[in-house]
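[1] can't give you the sequence, but here's the structure:
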């Protein structure tokens, strides 16, 4: 049996094929970049139909290469918090609002939860622009067309491809509308969002499986009998793919954005552990929760600086960073994209202070990246206070695979904690496969975790030799 793992990210769509042990098949990787539209007004949107077309192109490429012939299970890692307005037949009425969009705000006269602390404890979220409690009323005001229903990006895409596409509890938890203990839509959150529970997507039951529509089974006949597992939020999937599946290990993932998270086993109906007021909590599946903090700046910060400061590429930049270190006179605020919840700092809040005629472009990049490490370290301490000190930290994600210097900066910021590195950049897809297989606990022994100064080829999926 093979597993097709899909990763519906902010900057790209990826599909890869893994064996029954969730080990990537050599060369079975397809990737398409997607265009995130951003603006000075705080917008951060994707074109839903074009995104779906990119996903289909990945499946076409894998099918043409003969990689789908033994696939029996399809797993999906998808970005949390996305939402788009839909017509009655499921057609988009506007672009997809991603986690990066900071425009939604409370409508005049709107009030928040009656008891914010109790609301946070139940839903793991806040009344905040990132969640559907504030996004749905704002979208209705700005859509220009009456909205029949709403969905996330993955529900839209799978709604086209599959016979049915209920929302997983993992994706539902990222809306801010789910009662994390009872695993049903929260009445107060729905009231804030201006919807009835019956107007929201149906929630997928435990061990739900879907199937391709007939027309798409004809397009990809190798997937005719494959079963599709309920999608997993990208942060949860990344923790599993990083081997961080209990409080002994914290995952720090840096892709387009960045996050620090701890995973705990908490079955549906069980009492939830205490939740620090500055941290969010979402569902991995019916049996596990993940708690953490996220940041709008991550690999996108590195990419912006490299592009706008015209920095040298690859090894040349790494060598320049090693020579420059982090300037002790420079100070920076890396919140170029604003705050993720619970913060409300808007996009465009980045700062640089302490510039001199001796400051170089490499110095600026170094201080931005170092300050990001400091923000993550502060929130990791909050996580530790809530569940006890993790034995170690695992760095993961494409940005971590690409920069040995940035990994070393994290080691310094997180000292004296042991810090390791997951070399496989496809941690989201791998983690989603392990969740779909019901093998989360086994992920503690996932391969690819090594020293932070390991300089192996970063893309271990594409480069892995045949077994």
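    Alright, I've got the coordinates. If you're wondering where the values come from, they're calculated on a predicted model, not measured in any experiment.
[2] Show me the protein divided up by domain.
    With automatic domain parsing as the criterion, the domains of the chain are listed as 2-234, 243-298+340-463.
[3] weakest of the ones you listed in terms of mean pLDDT?
    Of all the domains of the chain, mean pLDDT reaches its minimum on domain 243-298+340-463 (a mean of 91).
[4] Would you confirm that residue 409 belongs to a helix?
    Yes - in this structure, residue 409 lies within a helix as judged by DSSP: H, G, I helix; E, B strand; the rest coil.
[5] separation between it and residue 370?
    Note on residue 409: its distance to residue 370, by C-beta to C-beta, to the nearest Å, is 5 Å. All C-beta atoms are positioned from the backbone trio N, CA, C, and that covers glycine.
[6] and if you look at residue 452?
    In this view, residue 452 and residue 370 are 15 Å apart by C-beta to C-beta.
[7] Could you look up the SS state of residue 56?
    Judged by three-state DSSP, the three-state class of residue 56 is helix.
[8] List the residues that contact residue 197.
    184, 185, 187, 190 (C-beta atoms under 8 Å, 6 or more residues apart in numbering).
[9] cool, residue 95 as well?
    Each residue near residue 95 by C-beta under 8 Å, 6+ apart is listed here: 37, 45, 46, 47, 48, 84.
[10] Rebuild the domains of the chain as TSV, extending it with distance to residue 322.
    Formatted as TSV, those follow (distance: least, C-beta to C-beta, whole Å):
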stretch	distance to residue 322
domain 2-234	27
domain 243-298+340-463	6
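[11] looking at the ones you listed, which is closest to residue 316?
    Nearest to residue 316, of all those, is domain 243-298+340-463, at 10.3 Å by C-beta to C-beta.
[12] The stretch 101-250 of the chain: helices as residue ranges?
    Secondary structure of the stretch 101-250 of the chain by DSSP state H, counting those that start in this stretch: the helices cover 116-123, 132-143, 153-161, 169-173, 187-193, 214-219, 234-241.
[13] now the fifth one: how far from the chain's centre is it?
    Spelled out, that is helix 187-193. A distance of 24 Å separates the centroid of the chain from that of helix 187-193, by C-alpha atoms, centre = their mean, to the nearest Å.
[14] Next: the second one.
    Using C-alpha atoms, centre = their mean, the mean C-alpha position of helix 132-143 is found 22 Å from that of the whole chain.
[15] still on that earlier bit, need the contacts of residue 95 in a markdown table with neighbour count, can you?
    Formatted as a markdown table, these follow (neighbours: other C-beta atoms under 10 Å):
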| residue | neighbour count |
| --- | --- |
| 37 | 14 |
| 45 | 20 |
| 46 | 24 |
| 47 | 17 |
| 48 | 22 |
| 84 | 24 |
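[16] Relative to residue 252, which of those residues is nearest.
    Nearest to residue 252 among the contacts of residue 95: residue 46, at 25.3 Å, using C-beta to C-beta.
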